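1. Next one to model:
(chains A and B)
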Amino acid sequence: MPDNDVPESMTIVAWSGDLDKMWPTLILGSTGAAYGMQTTIFFTFWGLFPLVRDDVRITGTNAMTKALAGMNRPGISHMKLSKLNMAGAGSWMMNKLATDQKVASPKELIDMCIELDVNLWPCEMTMELLGLRRDQLIDGVGEPVGAATALSAMSKSNINLFI
Amino acid sequence: MDYSTDLTIDAKGQKCPMPVLLASRGIKKIESGQVMLIEATDGGAKSDIPSWAKDTGNELLETSNADGIFRFVIRKK
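-> Next up, the predicted model:
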């Protein structure tokens, strides 16, 4: 490393699966890796659903977890805005604006994260809670880990974010 | 001053953070001492690329701005 103080690692806890939260998470994560930081994103609770493959419509292991996926469509290309979603019109407009302005989509950014060796760690406990299986997640995601593993990464990180 | 470049990265039209991501991808493809040219139109690149080059220890040899295109010449450390 050069003479200045460059953070060497960053951990982001991706708790939200909202489009307008996951998007900046992926921007910061991929940019951190481009900066040469050891970068980890720990996906938990609602943040797990964007890791599900776009072609998987219903996840879940019982009526309740299936209903959850029914009401909250999984997949990086199906995220909703946290506000002004307006039954999908808001997120459609946001995606349209981004495409017109050539802003990289969440899908492109997560592919970039994988290419740049960002650790994408799904939370083991919430996967079980929400009824998500490993084979339903996109390729390039790491093995599911627990809170202690996430905390261990955070304790060694100069930058820790919870989004 | 003109540098002969070993790799040109075209990030024109792409918004933050893509110019930095493409630069990072590009720098992995060249050898130490080789020179990469990055072309971008995003205003953020003006500060982002020099900052990225500095923090990753690569040498920013030259920047220029003509016709709305920012050009950065970087030598890999």
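2. Now residue A:123: closest residue in space that isn't a chain neighbour?
-> residue A:44 (3.8 Å; Cβ to Cβ, 6 or more residues apart in numbering or on different chains). C-beta coordinates here come from the backbone N, C-alpha and C atoms, glycine included.
3. now do residue A:56
-> Leaving aside its chain neighbours, residue A:56 sits nearest to residue A:136 (4.9 Å; criterion: Cβ to Cβ, 6+ apart).
4. wouldn't the residue nearest to residue A:123 be in contact with residue A:127 here?
-> No. Counting by Cβ atoms under 8 Å, residue A:44 stays clear of residue A:127, with 9.1 Å between them.
5. so how far is the helix or strand containing residue B:39 off the chain centroid?
-> Using DSSP states H and E, residue B:39 falls within strand B:35-40. On the basis of Cα atoms, centre = their mean, to the nearest Å, strand B:35-40 sits 4 Å off its chain's mean C-alpha point.
6. And stretch A:122-136, by the same measure?
-> 14 Å.
7. same check, this time on stretch B:56-68
-> 6 Å.
8. Counting neighbours, which bits of that stretch end up buried?
-> For stretch B:56-68, the neighbour count (16 or more other Cβ atoms under 10 Å in any protein chain shown) marks B:56, B:58, B:61, B:63 as buried.
9. quick one: low-confidence parts of chain B?
-> B:1 (pLDDT under 70).
10. Single out the residue in it that lies closest to chain A.
-> Per Cβ to the nearest Cβ, residue B:24 is where chain B lies closest to chain A, at 3.5 Å.
11. Show me the strands in chain B, by range?
-> Per DSSP state E, chain B carries strands over the ranges B:7-11, B:35-40, B:59-66, B:69-75.
12. And for chain A?
-> A:9-14, A:38-43, A:119-122, A:159-162.
13. between those strands, which gets nearest to chain B?
-> Short answer: strand A:38-43, nearest of the strands of chain A by Cβ to the nearest Cβ, at 11.7 Å.
14. Just want the angle from the closest one to strand A:9-14.
-> Going by axes from the mean of the first three to the mean of the last three Cα atoms, to 10 degrees, strand A:38-43 is angled at 10 degrees with respect to strand A:9-14.
15. Direction included, what does strand A:38-43 pair up with?
-> Strand A:38-43 pairs in its sheet with strand A:9-14 (parallel), strand A:119-122 (parallel), by DSSP bridges.
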